[in-house]
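> Sequence plus the predicted model coming up.
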Amino acid sequence: MKLSQLLATRKTIIRQANLANLAYAYLTLTRLAERVTAARLHGLVHLRQAGGDDEPHWASLTALEGNQSVIEEHFDDDDLMALADAIVFAVGHEFAEIEFNLEELSGRYVAPLRHALDKAGVAIDLAEQTSEHPAQ
């Protein structure tokens, strides 16, 4: 491959990578929102991103209403990292901490991602995905 070819396709590759990240965030948040709904989870929560050297290396989700044990029962560390990463794409910027109601996960974060994907002409074909494991 020639350097000129790479440079000529740069914008397309960047756009496709951005759309792929939006799609992955959409699928991740859709699956987590489905779990929240199925388990009838609700209430205000505090999501904290994984930190740097001085802070925890994993994202955390703290119940501000209800029982923390319910959160821990339904979300493992990998779920929380995926949730935090996906919300970055939904809000369009990095964040250190954010609060939201669990029952609003779909409307607050999934819907904007769906809108962005629709606007970009991406067909949502979730029927081909397994419900527990998004495509990687």
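Structure's in. What do you need? Numbering: from 1, shown residues only.

> now for the helix or strand that contains residue 24, which elements pack on it?
In this assignment (DSSP states H and E), residue 24 forms part of helix 3-38. For helix 3-38, the packing partners by 3 or more Cβ pairs under 8 Å, 6 or more residues apart in numbering; DSSP states H and E come out as helix 77-91, helix 105, helix 111-119. C-beta: built from backbone N, CA, C; applies to glycine.

> in that helix, what's buried?
Buried residues in helix 3-38, counting neighbours by 16 or more other Cβ atoms under 10 Å, are found at 22-33, 35-36.

> The spatially most central residue of the chain: what's it in contact with?
Central residue of the chain (Cα atoms, centre = their mean): residue 86, 2.0 Å from the mean position. Contact analysis of residue 86 by Cβ atoms under 8 Å, 6 or more residues apart in numbering lists 24, 25, 26, 28, 29, 32, 109.

> ok, and the closest non-adjacent residue to the fourth one?
Closest residue to residue 28 apart from its sequence neighbours, by Cβ to Cβ, 6 or more residues apart in numbering: residue 86 at 4.3 Å.

> Quick check: pLDDT value at the one you found.
pLDDT recorded at residue 86 is 95.

> same thing with residue 128?
Value listed for residue 128 in the pLDDT field: 53.

> Could you find the closest non-adjacent residue to residue 42?
residue 103 (4.4 Å).

> thinking again about what came up before, distance of the residue nearest to residue 28 relative to residue 80?
11 Å (Cβ to Cβ, to the nearest Å).

> cool, and residue 119?
Between residue 119 and residue 80 the computed distance is 29 Å (Cβ to Cβ).

> same question, residue 23
Noted for residue 23: a distance of 21 Å to residue 80, by Cβ to Cβ.

> Having no further points to raise, I will conclude here.
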